[in-house]
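Student: no sequence for this one, just the structure:
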């Protein structure tokens with residue numbers, strides 16, 4: 001997200017956010033980390049993995065929609081708003097964050113929603129309220145390009161699995177040729193599954209070669 005103001009919050013993490021790639025069915029939910037180049041964390045890594053081919057077709061130029069508080073959507077948050085105002089009316093909105101978001105992220109969301117830090121909850125204008133509701137539940141970010149390192153987290157493609165003997169890791173097309181790890185078309189969920197695939201298939205391939 002080159003040049004986006006969100007990158008100034010690098011290091012801030014959200015325990016649970018929902019992320020959707022606009023114009024597609026791709027969406028994920030989970031921890032999200034804001035970085036100096038954009039966003040990362042399990043939610044982003046899984047979304048990048050499932051959408052790897054589609055994002056490559058888009059040449060890595062697309063938009064994402066982030067719901068920072070997935071317990072709500074725009075409609076339910078709008079319904080909840082009068083209750084929040086009634087509860088916190090006389091409190092300064094920058095000091096009272098009812099969604100347990102990191103303080104830096106809350107301050108950023110208020111700023112981009114054109115809400116003054118000294119306003120009380122009851123002072124928020126209808127325009128600013130609508131903008132904050134939108135930013136909390138469906139904030140849109142343009143994405144252009146991809147990171148230049150750690151791409152192994154979203155590697156996809158490779159040798160077709162139906163061309164490999166799963167019992168030996170030997171090629172069905174070229175006897176004596178063995179495969180292991182992500183050279184095959186395997187892309188596991190983030191969390192160590194790709195490492196496990198590499199170790200297990202490597203062990204099977206080595207054992208098979210040793211017995212030849």
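Tutor: Nice, thanks for sending it over. Predicted model, so just to flag it, every value in this text is computed and none were measured. Numbers count the residues shown, from 1 in each chain.
Student: and the residue nearest to the spatial centre of the chain, what pLDDT?
Tutor: In the chain, the centroid-proximal residue (Cα atoms, centre = their mean) is residue 44; its distance is 2.0 Å. We have a pLDDT of 92 for residue 44.
Student: does it sit in a helix or strand, and which one?
Tutor: helix 42-50 (DSSP states H and E).
Student: Check which helices and strands that helix is in contact with.
Tutor: The contact analysis (3 or more Cβ pairs under 8 Å, 6 or more residues apart in numbering; DSSP states H and E) places helix 42-50 against strand 13-21, strand 27-34. C-beta here means a position set from N, CA and C on the backbone, and glycine is covered the same way.
Student: Nearest to residue 202, out of those?
Tutor: Distance to residue 202, taken as Cβ to Cβ, is lowest for strand 27-34 among the helices and strands packed on helix 42-50, at 28.8 Å.
Student: Please pull up the helix or strand immediately following the closest one.
Tutor: Counting by DSSP H and E, the next helix or strand C-terminal to strand 27-34 is strand 39-40.
Student: ok, and what's touching that next one?
Tutor: 1, 6, 19, 32-33, 64, 66, 141 (Cβ atoms under 8 Å, 6 or more residues apart in numbering).
Student: filter those residues to the buried ones?
Tutor: Neighbour-count burial (16 or more other Cβ atoms under 10 Å) applied to those gives 1, 6, 19, 32-33, 64, 66, 141.
Student: nearest to residue 166, of these?
Tutor: Of all the buried ones among the contacts of strand 39-40, residue 19 has the smallest distance to residue 166: 33.5 Å, by Cβ to Cβ.
Student: Which parts of the chain are strands?
Tutor: For the chain, the strands defined by DSSP state E occupy 13-21, 27-34, 39-40, 61-67, 139-144, 164-165, 170-171.
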